[in-house]
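> quick check, what structure comes out for this input:
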Amino acid sequence: MNKMGVSKIEHFSEVQNNTANLFKALGHPARIAIIEHLIKVNSCICGDLVNEIPLAQPTISQHLKELKLAGLIKGTVEGTSVCYCIDPEALEKTMGFIGNIQGYIANKNEINQNQCC
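Numbers count the residues shown, from 1 in each chain. Below is the predicted model:
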């Protein structure tokens, strides 16, 4: 059996895997645009994304599905439509990770003084 393609996610913590999934979901410009729009309107939206994002409804639905699977957005069914909004907890986790990177950058002068590459 060839194990070259196995990602071995079981070797990483749950937090590391969840963080990777969040950033993977953000790895498409349409998804970034969707998140930006949801943040801008600061409420649940039900289907008006087609007017905001220059993509077909099925494509937008697929991107919404990916964002929801990653936990970045929540969706509730209202009649025949699904309404979406930002999941603040997921954004806090994402920003926490980015904050760790910013802390590293802020301290990089100390690291460089230690002759690190």
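
> just the pLDDT for residue 113.
If you check residue 113, the pLDDT there is 59.

> for the protein, give me the ranges with low pLDDT.
Low-confidence segments of the chain (pLDDT under 70): 1-7, 47, 108-117.

> would you map the strands across it?
For the chain, the strands defined by DSSP state E occupy 73-78, 81-86.

> list the buried ones in the first one?
Neighbour counts over strand 73-78 (16 or more other CB atoms under 10 Å) mark 73, 74, 75 as buried. Bear in mind the C-beta positions are built from the backbone N, C-alpha and C, glycine included.

> and it, what does it pack onto?
Under the contact definition 3 or more CB pairs under 8 Å, 6 or more residues apart in numbering; DSSP states H and E, strand 73-78 sits against helix 29-41, helix 57-69, strand 81-86.

> can I get the strands of the chain in a markdown table including distance to residue 35?
As requested, the strands of the chain are exported to a markdown table (distance: least, CB to CB, whole Å):
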| stretch | distance to residue 35 |
| --- | --- |
| strand 73-78 | 8 |
| strand 81-86 | 7 |
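
> among those, which is nearest residue 17?
Minimum separation from residue 17 across these (CB to CB) falls at strand 73-78, 19.0 Å.

> distance between that closest one and the chain's centre?
17 Å (CA atoms, centre = their mean, to the nearest Å).

> with stretch 58-71 instead?
Here stretch 58-71 is found 11 Å from its chain centre; the criterion is CA atoms, centre = their mean.

> stretch 89-96 too?
With CA atoms, centre = their mean, you get 9 Å for stretch 89-96.

> how about residues contacting it?
With contact meaning CB atoms under 8 Å, 6 or more residues apart in numbering, stretch 89-96 is reached by 18, 19, 22, 23, 26, 70, 71, 72, 73.

> rerun that using 7 Å as the cut-off
The set of residues external to stretch 89-96 that reach it, using CB atoms under 7 Å, 6 or more residues apart in numbering, is 19, 22, 71, 72.
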